[in-house]
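Participant: Sharing a model that was predicted from the sequence below.
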Protein chains: 2
Amino acid sequence: MKRLIVATALILFSHTGGAMQADIQEWTTRAGTEVLFVERHELPIVDVRVTFDAGSARDGDTPGLARMTSNLLLEGTPERSAGGIARGFERYGARVSTGSGRDTAQVSVRALSEPARLDPVIDSLADVIAKADFPADAVERVRRQMSLGLQQAQSSASALAEKAFMRGIYGEHPYATPPGGTLESVEALTRAAVVDFHRRHYTARNATIAIVGDLSAERARAIANALSGALPAGEALAALPPVDIPSSAQTIRVPLEAEQTHVMMGQPSVRKGSEAYYALYLGNHILGGGGLTSILAERMREERGLSYSSASSLTSAARRGRFQMTTQVRNDSLPEALSVMRDSLEEMRVDEPAAQRLSDSKRNITGSFPLQLDSNRDLLGYIATIGFYGLSRDYLEAFVERIDGLDGEAVRAAMHEHIDPARNVTVLVGPEATINAAE
Amino acid sequence: MKRLIVATALILFSHTGGAMQADIQEWTTRAGTEVLFVERHELPIVDVRVTFDAGSARDGDTPGLARMTSNLLLEGTPERSAGGIARGFERYGARVSTGSGRDTAQVSVRALSEPARLDPVIDSLADVIAKADFPADAVERVRRQMSLGLQQAQSSASALAEKAFMRGIYGEHPYATPPGGTLESVEALTRAAVVDFHRRHYTARNATIAIVGDLSAERARAIANALSGALPAGEALAALPPVDIPSSAQTIRVPLEAEQTHVMMGQPSVRKGSEAYYALYLGNHILGGGGLTSILAERMREERGLSYSSASSLTSAARRGRFQMTTQVRNDSLPEALSVMRDSLEEMRVDEPAAQRLSDSKRNITGSFPLQLDSNRDLLGYIATIGFYGLSRDYLEAFVERIDGLDGEAVRAAMHEHIDPARNVTVLVGPEATINAAE
């Protein structure tokens, strides 16, 4: 097992000739779909993901529409029921799944690589994606499921905080739209709207295909042609509008009777592919992204006993992702917790991180990154991301090098430039007396 | 594709010599674990499930303990972290999952059948099941997840109804214990209790192994020995106490402000392996288990527009499963809906079902059953069930024959004998005025 990890790490991180760069093959199909392919023969399996520019940022004035379309994609075609579709894949040992977020909706399949087993799976997948016909009873069932989730979220502090935070940092930008919709919007979604969303967004020119596994480039081309050729050509969508950083700090208070107050604090971050991402990634890891050894966890949990869970996270997105610190604290500890969070962030912007912390975090990130890439499925996720967002093709190789090359000053400077406390949105979900008293 | 279905159906339902009976091979390992094995070479994959007598019925006075143990099983051993365990499987293309219910907790894996890939997966699985050591931070994380789910359930009509219904029909029997525990019980669960539950329940004598796939009996034996040999021998648990049918009808009212009232009505059914199961299964299908064409759906939805979702279901279990009718109706329609449900059930007990309905339902069940068995994974589920519950080894073959052989009088008689309206538990979750006014 150890030998295998080492071998994989060598494939991905050989610094002798950019092995990883050469490993990604890419082309555009006749139908206009971009394809990224990595050939790996360790296992007799193939992973394929089709990514569409069809996330909730495309919901427009019907929040939840993209999610509902994605949730319904495997529910039927004119010829086949949901059960028939599921059995069609399972019969060949294949597993298919769908998912959606703010930027994208995806369909993924894992299948055995032998042509007699893979080819019918790909034909089936092409058929299902292109001809999904959204049966009325499935629409009602999915609507009920989504409504139930939304009803439950109404009493969930973390769900309430998330919703308020996204509205606070993204304002009128489509990223503020909750991917799952609202109780009112989901109730009003129609099958006709789903059919129309599918027709406009699930098209060849709005798709990126990622393929990883045990097949030749020639067979990968045939697969990509089968998948993209079944789709209507369509048109690439206009880019999303830019995200503005909030012009001032803001505190949003959401009353909820509870023994703890849920806190989220942060702002929009950077877009995918931004050069600043690496230093921010390392900075966030030191501040609160590195688990129990990060600054926030130590100060909030170990030193003061304020909270069992305090963390920060950083994401990027087609426009801007987000940076946030999150915690849950006893109501009487809220003022102290807010001070610790704000001071810790300010410190990251003013002082270079301690040398030991910096080197520990760098070793942690660069050491675990290869481990995350030793499976085809994980690699598929990275390849799909590189393709959809148009990241540099040496992204995987460069990531470790970039993190490795950062010093404390680079981290401090990036935090100083991109995370401005004077523009932080703070969300407090807790009892009225508690949240009204907090600054 | 069509050819494949037909071939599979022939394997399973050949009436010429009990082909299916011969297909299940079974033995007991040296460690005392029962094994059921079906050899199928259509795909180069193997599905394995280890089923333990470790469901929530074994929770005792610590509701949620069995579920928490199951949820934590893949979270660490003394040598490996959760990430290391996941990567250990994924590296060989294998997928592993855990689950738990009232009777059982299971671990399932799907892997490629080639020995060089399968053997390390089995070794890894044996190691993980036997040596799970439940890291303290994982215990806290799973506790938070379970608590969050329970908090959300507090405002969910269906979750409130389910909890009250189970308490109503099972009384003091362990089946009444909610598998996910309660807010108080989950808060009080300790790592020590999890370790102890695992030690007592995840043993060779409490396990049944089901194996389906592309390998010889000899290799299946080696796999079963590796899995059971890693476990402590342990002791088979005492059988659960019997379930008594409620002695009288009862209505349980749970106040919840909402525009609809959630209704559940039913009682304990029969145990796994009961001869009455087949006729009850068909009766339930006709009454409300057959989707939009069943009696309840037609009367509630089509004829009266009372509800979009009205259904019944029937399960069996080690002791007794349950029969229930479920619907959601506008508050002002509750009295009419209750009448329709009660009348429909009473009719099933007094009159034979109409000939057309009977033959449609029989054809629907016997026609779809082979379709549900054309995948190794589905077959695995049936084999595991047959093994754990000690069902007749010709269960799969017999099921279609039994359903096919039932006439209307057999259905009526079974419903009359086993579903007694005078013992029905009715749960109403809705506004106080509405539920208090209903009978």
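Facilitator: Received the coordinates, thanks.

Participant: Do I have it right that A:R58 meets A:Y175?
Facilitator: No - look at A:R58 against A:Y175 with C-beta atoms under 8 Å: they stay out of range, at 11.2 Å. Any C-beta I mention is one placed from the backbone N, CA and C, and that applies to glycine too.

Participant: ok, A:A176 - contacts?
Facilitator: Listed by C-beta atoms under 8 Å, 6 or more residues apart in numbering or on different chains, the contact set of A:A176 reads A:166-167, A:169-170.

Participant: Tell me the residues on chain A that lie near chain B, please.
Facilitator: Residues of chain A lying close to chain B (C-beta under 8 Å from any C-beta of the partner chain) are A:1, A:4-5, A:43-45, A:83, A:87-88, A:90-93, A:95, A:112, A:114, A:117, A:120, A:137, A:140, A:144, A:148, A:151-156, A:158, A:292, A:308-309, A:368, A:371, A:374-378.

Participant: The residues you listed in strands, which ones?
Facilitator: A:45, A:95, A:112 (DSSP state E).

Participant: any chance of these in JSON lines, with pLDDT, distance to B:E235 and neighbour count too?
Facilitator: Shown next, in JSON lines, are these (pLDDT from 0 to 100; distance: C-beta to C-beta, whole Å; neighbours: other C-beta atoms under 10 Å in any protein chain shown):
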{"residue": "A:I45", "pLDDT": "94", "distance to B:E235": "41", "neighbour count": "25"}
{"residue": "A:R95", "pLDDT": "92", "distance to B:E235": "38", "neighbour count": "16"}
{"residue": "A:L112", "pLDDT": "94", "distance to B:E235": "42", "neighbour count": "23"}
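
Participant: Smallest distance to chain B belongs to which residue of the stretch 101-250 of chain A?
Facilitator: Proximity of the stretch 101-250 of chain A to chain B (C-beta to the nearest C-beta) peaks at A:Q152, 3.9 Å away.

Participant: Tell me how many other residues surround that residue.
Facilitator: When neighbours are defined as other C-beta atoms under 10 Å in any protein chain shown, A:Q152 has 19 of them.

Participant: for the one 10 residues further on, same thing?
Facilitator: The number of residues packed around A:E162, counting by other C-beta under 10 Å, is 19.

Participant: Over to A:R377?
Facilitator: Applying other C-beta under 10 Å, we find 16 residues neighbouring A:R377.

Participant: Contact partners for the residue of the stretch 201-350 of chain A at minimum distance from chain B?
Facilitator: Residue nearest to chain B within the stretch 201-350 of chain A (C-beta to the nearest C-beta): A:Y308, separated by 6.6 Å. Contacts for A:Y308 were tallied using C-beta under 8 Å, 6+ apart; they are A:301, A:328, B:140.

Participant: Can you tell me which of the residues you listed are buried?
Facilitator: Taking 16 or more other C-beta atoms under 10 Å in any protein chain shown as the criterion, what is buried in the contacts of A:Y308 is A:301, A:328.

Participant: Helices - which of the contacts of A:Y308 land there?
Facilitator: Per DSSP state H, helices hold the following members of the contacts of A:Y308: B:E140.

Participant: Export the contacts of A:Y308 to TSV and append columns for pLDDT and distance to A:N225.
Facilitator: TSV is the format used below for the contacts of A:Y308 (pLDDT from 0 to 100; distance: C-beta to C-beta, whole Å):
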residue	pLDDT	distance to A:N225
A:R301	89	54
A:Q328	94	51
B:E140	91	50
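
Participant: how about the strands in chain A?
Facilitator: Using DSSP E, strands in chain A cover A:24-28, A:34-39, A:45-52, A:95-100, A:105-112, A:207-213, A:250-255, A:260-268, A:310-314, A:322-330, A:425-430.

Participant: how does chain A divide into domains?
Facilitator: Here the domain assignment for chain A is A:20-230, A:250-352+A:407-437, based on automatic domain parsing.

Participant: how about those, which one is nearest B:D343?
Facilitator: The closest of those to B:D343 is domain A:20-230. By C-beta to C-beta, the value is 25.3 Å.

Participant: which residues touch the residue of the stretch 251-400 of chain A found nearest chain B?
Facilitator: Closest to chain B within the stretch 251-400 of chain A is A:S375: 4.0 Å, counting by C-beta to the nearest C-beta. A:S375 is in contact with B:87, B:90-91, counting by C-beta under 8 Å, 6+ apart.

Participant: do that again at 10 Å, thanks
Facilitator: By C-beta atoms under 10 Å, 6 or more residues apart in numbering or on different chains, A:S375 lies in contact with A:8, A:40, A:42-43, A:47, A:212, A:381, B:86-87, B:89-93.

Participant: Torsion angles phi and psi at it?
Facilitator: Dihedral pair for A:S375: phi -120, psi 150, per degrees, to the nearest 10.

Participant: In terms of pLDDT, where does it sit?
Facilitator: Model confidence at A:S375, given as pLDDT, is 82.

Participant: Quick check: which ranges of chain A have low pLDDT?
Facilitator: A:1-22 (pLDDT under 70).

Participant: And the residue nearest the centre of it?
Facilitator: Centrality entry for chain A: nearest residue to the mean C-alpha point is A:G101, 6.7 Å, by C-alpha atoms, centre = their mean.

Participant: these two touch, right, that residue and A:S56?
Facilitator: Yes - assessed by C-beta atoms under 10 Å, A:G101 is found in contact with A:S56 at 7.1 Å.

Participant: can you list residues touching both of those two?
Facilitator: A:66-67, A:70, A:179.

Participant: Relative to B:V400, which of those residues is nearest.
Facilitator: Of these, the one sitting nearest to B:V400 (C-beta to C-beta) turns out to be A:S70, at 36.6 Å.

Participant: And that closest one, how far from A:H198?
Facilitator: For A:S70, the distance to A:H198 (C-beta to C-beta, to the nearest Å) stands at 9 Å.

Participant: Same question for A:G93.
Facilitator: Taking C-beta to C-beta, one finds A:G93 at 28 Å from A:H198.

Participant: now A:P353
Facilitator: Per C-beta to C-beta, A:P353 is found 48 Å from A:H198.

Participant: Ok, A:D374 next?
Facilitator: Per C-beta to C-beta, A:D374 is found 36 Å from A:H198.

Participant: These two: who's more crowded?
Facilitator: Per other C-beta under 10 Å, whichever of A:D374 and A:H198 has more neighbours is A:H198, with 26 against 20.

Participant: From the residues of chain A next to chain B, list the buried ones, please.
Facilitator: Judged by 16+ other C-beta under 10 Å, buried ones among those: A:43-45, A:87-88, A:90-93, A:95, A:112, A:114, A:117, A:120, A:152-153, A:155-156, A:308, A:374-378.

Participant: Thanks a lot, catch you later.
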